[in-house]
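Peer 1: Generate coordinates for the sequence data below:
(chains A and B, ligands or ions: 2)
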Amino acid sequence: MEKIELGEIGGLSCPPRIGVLKQRMLDEPRYLSIEQAKIVTDYYRANPGKKRNIQRAEALALTLRRIEIRIDPMELIVGNRSAGVRAGVVSPEAGISWVDAEMENLPERPQDKFQVRAEDITTFRNEILPFWKGKSLEDMVKARIGDEIAAIGKVAKINQTDHSQGHICPDTRRWLAIGPKALRDELTERERVAAPGKRDFFRGMVIALQGAIDFIERYAALARELASREAETARRGNLEEIARVCAKIAKEAPSTFREAVQSMWFLFVLLHAESNASSFSPGRADQYLYPYYRLDLREGRLDRQGALEIAEALWLKFNQIVYLRNSSSARYFAGFPIGFNVAIGGLGADGEDAANELSYLFLKAQAHIGLPQPNLSARLSEKSSEDFVRECSRVIGLGSGMPQIFNDEGVIPALMARGISREHAIDYAIVGCVELTTHGNALGWSDAAMFNMVKALELTLNHGDCLLTGKRIGLDLGSLEEYRNYEELEAALKAQMDHFITRMIKACDVVDALHAEILPSPFLSASIDGCADKALDVTAGGARYNLSGIQAIQPANLADSLAAIKKCIYDDHVFSATEALAALRKDWKDQERLRQLVINKVPKYGNDVEWVDAIAARWVDYFAGKMAEFTNARGGPYHTGLYTVSAHVPMGQNVGASMDGRKAKDPLADGGMSAMYGRDRNGPTALLRSVSRISSMEGSNGTLLNMKFLPEFFRTEEGVAKFSAFLRTFVKLRINHVQFNVIRREDLLAAKSRPQEWRGLTVRVAGYTAYFTELANDLQDEIIARTSYGEA
Amino acid sequence: MEGTIIDIKRFTLHDGPGIRSTLFLKGCSLRCAWCQNPEGLDAALRLWHLERQCIKCRSCEATCPVDALRVGDEQDAFVIVNHDRCTACGECVEACPTGALAFDGRRISAAEAAATLLRDREFYLQSGGGITISGGDPLVQHEFALEVLGACRKEDIHTAIETCLFGDWQVLEGFIPLVDLFIVDLKIADETMHEEYTHRPNGQIWLNYALLADRGVDLLTRIPLIPGITATESNIHALAVSISRTRPDARVELMNFNPLAVHKYELMNRSVEFFAGMSPLREAEVETLMRVVEAEGLTVVREQKAQRRVQEAGR
Ligand code: SF4
Ligand code: SF4
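Peer 2: Ligands and ions are numbered 1, 2, ... in the order given. Predicted coordinates for the structure are as follows:
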């Protein structure tokens, strides 16, 4: 591989154009958009009785020919699925009943607001909504299995019930390598030779691809038109270049870096236009864009500054598509995570470090842009260069929370344990937030459901009755008072979990099969390796790999609760089971002494205490073992994820008081692998050691560990070096993922006003360490003042 | 053997190279007026009552065998400890659910201390870090300290101690084979003033410094900057002259005053009068003093501000 010009990349600046475009984008209000919904609905009304995949393909192609498009004359990379940026696109085939219920509320809801035009409400209610009653995925799911989903909802939350499946890393390599026209022609040929029953499958893909070609050509035409009216020379030149690039890549394979980036971006716009789903991931863009970049540099067509500008233009584009969720989902996944996940670095096919100059260029773009998208992930391995680890550390220190770090040493074996070949496992990418996937050949269905183990324990302790409502929602296997020893309690918990796991899997299978029935995705199927060979839609199992991921939530609270029960009730007899159960039922009311005992006198997960960590590890193993018993509707395995994103808050609201001292409805531990907030008090090294005891092999669907560091840490080269060493140890410990919040002044202020949540925050003075929240107010102020001073 | 420690802190970053763990021992021979670690002065355990954590549950009431606790009948604190009576038996600490009653340290065996220190060995290996014994002063419980150091050395871990150098040379000499880096604190050049502010003369300290330097050990010399006391140009100059005479290639780190220990004084019912009106030196003042040191041909190590205060925010 060519030498990496670190010095030159370090000196690159953020082009002024990017700053202007960024500001313009952020200033533009977000609107609900029903334009596509209207086109699609009109299409379906006029075309009943056709095969579903043909309907989907034709509706998509029609949309691509009709939907309003826009070009900003300053843009380098163009294309969006709506005229406005960051629009909340309504997708009727997947589900709109909730849109109807929440429409008026969208501008005011607490999380992820959208403006709504009055005339759109009328059109939506009169023309769109009535047509889809009973026909959308959402309504079909409700009709077929809605009651069961509600019945198990507090323990097992079933997802993907009202939107298309996303969390997919398409085969961008192939799209770039052959271009849309060759892809269309290949599928046309397959249609010709296919068995009669399979021809429609290929027909759908051809229709969708033709729509895609037309869509990109519309951009070429619009750019040409705008150029003809543009007086200013630089802008005219740019528009003419846009026209040239779009006209070429509408059919051909790209040959320059700019063409490749533009072509790749259209692929993602098209995928979102078809599916309106959460997360299509570019994956290893530093790998597949590198040849174009290198060639441009060699031929002198482009310099590094120019390449950075293109990368940053793409970075802005990633922020222009957001995802409209219902308000409950917006709480689980707050802040529009759309999951344009770019994975840089990591091992190449030859098993050697594959980080290249583009990996660094993307880090630079991240440092300049600092917006929520892309979700930039860095893959580290034992072979990562010190330069790369340091550069990642520096960008982390800037505080955008990115790049998040993935560990090849843990992830690759974990994926192989799920039956994935070494070749594909080594080429893994990330979808959504932290979910693992292979590149371009998988439907990972990574958010099939979230399983609340803490709730399962609650029901096990209390005759299957919910502590919040008193209703019996689980199996009555006895109660804490009746289990004679810890082993009996654990056996009961297993039975309770088994019960809900079985019901959960059945529900997931029904939802999965309904997607195949209602939402076949011809364009996506043309972008995933395996579908054409199997002649099967991706929703029906066409991909080479078909997994389903269930999140086990939350090992920290489960382990802490079980540890408290084991130690205080069964081992040391500090208090009785009767006292404990009464305290839980009363949400610790008048039982502060007991609550403090379990908080302070029982060791907690996250502190490098083997026996407590072992409880967490054992239950994750148990859960993962159960998953291995099931096969999903597409014939692939179920597996386990250990992450919640922001779901620890709403999931906590479903759980009554727990034996770890948590009060009813309080959030659960965040992340997935994290300790309960404020309960890890031995510092970051102890936390990593604890986390490493949960087998990385089991979290093959993705794991999440959050850590917070102070910005000062990164201010000196020595600090950056220590942080890099910390990351390298993380790699050695085979933890699959970690991300860092570099804590700021606001956080310290929060720590001051809500000390109970920030107890682990330590401040170190020469020679002594203190917990921030235990310091007197004026001293806290002193530290706050100094921190902000230091940040200036 | 057993020792009495304040605590073991993991992920310490300023007590030597790399990522480290630091064992803080109790007991110190000096009595610096500005001590930042007052719980390290006395080798004996002392009971603290942290009013902010007390939930007034009275679980500690009637636990004390020697009647050293008064619970709930005073205005200013819910629990009052009679330190003259308290034998540090731990009964009340055991009973207290919140940790509001706690000792300022604990007894621990050298083997257990070493095992805890060695837990993060992976981090040390990756970062070129290791373990540090600080205090208090490691020379006070030297046998314990040596046993811990020996155990860590056996595992090939980089070791450091931080000491004020007050003690018999024979004791200090015993550390040389087991310690990779000596971090030594020098305070005041003038003998009378040294005695006034630390309650000890500095002759033995300089002698030890010279003997240690003579043995060619890796040495980092630290000077705490206490406004108006150690942080005067004349004192820094005098220290620098003596240092360079002893060890012309010495590395010197100036540690700015940090008022954060004051609240510990309050907890320990110690007077905080000394600190009245005292604030850290301004950057320019520190730099002036740094130049004074450099003028004597010494290398000044910039104090890692980041690493002085904290580092990790756990959460
Ligand atoms: S430590 Fe023992 S002697 Fe001291 S106050 Fe507590 S119970 Fe009494
Ligand atoms: S036992 Fe602890 S929390 Fe309760 S009153 Fe005594 S000191 Fe306060």
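Peer 1: Helices of chain B, residue ranges please.
Peer 2: B:91-95, B:110-118, B:121-127, B:142-154, B:169-175, B:191-198, B:203-214, B:233-246, B:262-267, B:283-294, B:305-308 (DSSP state H).
Peer 1: and the first one, does that touch ligand 1?
Peer 2: Yes - under the criterion of C-beta under 6 Å from any ligand atom, ligand 1 is reached by helix B:91-95 at B:Glu91, B:Cys92. In short, each C-beta sits where N, CA and C put it, glycine included.
Peer 1: hang on, A:Glu191 packs against A:Gly204?
Peer 2: No - A:Glu191 is beyond contact range of A:Gly204, at 9.5 Å (criterion: C-beta atoms under 8 Å).
Peer 1: neighbour count winner among these two?
Peer 2: Just comparing A:Glu191 and A:Gly204: by other C-beta atoms under 10 Å in any protein chain shown the higher neighbour count belongs to A:Gly204, 29 against 17.
Peer 1: May I ask which helix or strand encompasses that one?
Peer 2: For A:Gly204, the host element (DSSP states H and E) is helix A:199-229.
Peer 1: Show me what counts as buried in that helix.
Peer 2: A:200-213, A:215-220, A:222-224, A:226-227 (16 or more other C-beta atoms under 10 Å in any protein chain shown).
Peer 1: since we're on B:Phe103, how many residues are nearby?
Peer 2: 17.
Peer 1: Find the nearest non-adjacent residue to it, please.
Peer 2: Once flanking residues are discounted, B:Phe103 sits nearest to B:Leu45: 4.6 Å by C-beta to C-beta, 6 or more residues apart in numbering or on different chains.
Peer 1: What does the one you found show for phi and psi?
Peer 2: phi -70, psi 140 (degrees, to the nearest 10).
Peer 1: B:Glu283 and ligand 1, how far apart?
Peer 2: 45 Å (C-beta to the nearest ligand atom, to the nearest Å).
Peer 1: circling back: quick one: mean pLDDT over the helix holding A:Gly204.
Peer 2: Mean per-residue pLDDT for helix A:199-229: 98.
Peer 1: List the buried residues of whichever strand or helix holds A:Gly410.
Peer 2: Element membership of A:Gly410, judged by DSSP H and E, is helix A:408-416. For helix A:408-416, burial by neighbour count (16+ other C-beta under 10 Å) applies to A:Asp408, A:Glu409, A:Gly410, A:Val411, A:Ile412, A:Ala414, A:Leu415, A:Met416.
Peer 1: Distance check, the fifth one against ligand 1.
Peer 2: To ligand 1, A:Ile412 is 54 Å away according to C-beta to the nearest ligand atom.
Peer 1: so B:Asn208 makes contact with B:Glu173?
Peer 2: No - using C-beta under 8 Å, B:Asn208 is not in contact with B:Glu173; the gap is 9.1 Å.
Peer 1: So between these two, which is more surrounded?
Peer 2: Taking neighbours as other C-beta under 10 Å, B:Asn208 and B:Glu173 compare with B:Asn208 leading, 22 against 13.
Peer 1: Can you tell me the closest non-neighbouring residue to that one?
Peer 2: B:Leu165 (4.4 Å).
Peer 1: Return the residues in contact with the one you found.
Peer 2: B:Leu139, B:Leu172, B:Val184, B:Asp185, B:Leu186, B:Gln204, B:Ile205, B:Asn208, B:Tyr209, B:Leu212 (C-beta atoms under 8 Å, 6 or more residues apart in numbering or on different chains).
Peer 1: same thing but at 7 Å, please
Peer 2: B:Leu165 makes contacts with B:Leu172, B:Val184, B:Ile205, B:Asn208, B:Tyr209, as judged by C-beta atoms under 7 Å, 6 or more residues apart in numbering or on different chains.
Peer 1: residue ranges with poor pLDDT in the chain?
Peer 2: Reading this off chain A. A:1, A:110-111, A:330-337, A:400, A:743-744, A:756, A:759-792 (pLDDT under 70).
Peer 1: Correction: the question concerned chain B.
Peer 2: If you take pLDDT under 70 as the line, chain B has these spans: B:303-315.
Peer 1: ok, the longest strand that it contains: who's next to it in the sheet?
Peer 2: Across chain B, the longest stretch assigned as strand under DSSP state E is strand B:2-12. Strand B:2-12 has the following strand partners under DSSP bridges: strand B:20-25 (antiparallel), strand B:106-109 (antiparallel).
Peer 1: Most tightly packed of the ones you listed?
Peer 2: strand B:20-25 (a mean of 28; mean count of other C-beta atoms under 10 Å in any protein chain shown).
Peer 1: How far off centre is that strand?
Peer 2: Taking C-alpha atoms, centre = their mean, to the nearest Å, one finds the center of strand B:20-25 at 9 Å from the center of the full chain.
Peer 1: Give me the residues contacting that strand.
Peer 2: Taking C-beta under 7 Å, 6+ apart as the rule, strand B:20-25 contacts B:3, B:5-10, B:12, B:15, B:40, B:113, B:117, B:120, B:124, B:129-136, B:138, B:140-141, B:145, B:148.
Peer 1: What does the nearest residue to A:Val574 once chain neighbours are set aside show for phi and psi?
Peer 2: Spatial nearest neighbour of A:Val574, chain neighbours left out: A:Cys568 (4.1 Å); criterion: C-beta to C-beta, 6+ apart. The phi and psi torsions at A:Cys568 (degrees, to the nearest 10) take the values phi -80, psi -30.
Peer 1: Ok, the one 4 residues further on next?
Peer 2: When read as degrees, to the nearest 10, the backbone of A:Asp572 gives phi -100, psi -10.
Peer 1: Tell me how many other residues surround it.
Peer 2: 11.
Peer 1: what's the spacing between it and ligand 1?
Peer 2: With C-beta to the nearest ligand atom as the criterion, A:Asp572 and ligand 1 are 20 Å apart.
Peer 1: any idea how far that residue lies from chain B?
Peer 2: According to C-beta to the nearest C-beta, to the nearest Å, A:Asp572 and chain B sit 12 Å apart.
Peer 1: before we move on, the earlier item: possible to save the buried residues of helix A:408-416 as CSV with distance to A:Arg184?
Peer 2: Converted to CSV, the buried residues of helix A:408-416 look like this (distance: C-beta to C-beta, whole Å):
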residue, distance to A:Arg184
A:Asp408, 36
A:Glu409, 41
A:Gly410, 40
A:Val411, 35
A:Ile412, 35
A:Ala414, 37
A:Leu415, 32
A:Met416, 35
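Peer 1: what domains does the record give for the chain?
Peer 2: Reading this off chain A. Following automatic domain parsing, one gets these domains for chain A: A:150-168+A:442-702, A:279-322+A:340-434+A:704-792.
Peer 1: Correction: the question concerned chain B.
Peer 2: If you go by automatic domain parsing, chain B breaks into B:2-42+B:110-313, B:47-103.
Peer 1: nearest to A:Val116, of those?
Peer 2: Among these, domain B:2-42+B:110-313 comes nearest to A:Val116, with 40.1 Å by C-beta to C-beta.
Peer 1: beta partners for the residue of the stretch 101-250 of chain B found nearest ligand 1?
Peer 2: Nearest residue of the stretch 101-250 of chain B to ligand 1 (C-beta to the nearest ligand atom) works out as B:Leu101 at 6.8 Å. Using DSSP bridges, the beta-bridge partners of B:Leu101 come out as B:His49.
Peer 1: so who does it touch?
Peer 2: B:Leu101 neighbours (C-beta under 7 Å, 6+ apart): B:Leu47, B:His49, B:Cys60, B:Val79, B:Cys92, B:Val93.
Peer 1: Pull up the gap between the residue of chain B lying at maximal distance from its centre and B:Val79, please.
Peer 2: Taking C-alpha atoms, centre = their mean, the residue of chain B most remote from its mean C-alpha position is B:Asp73, at 35.7 Å. Applying C-beta to C-beta, to the nearest Å, the value for B:Asp73 to B:Val79 is 10 Å.
Peer 1: Ok, B:Leu225 next?
Peer 2: The gap separating B:Leu225 from B:Val79 is 37 Å, by C-beta to C-beta.
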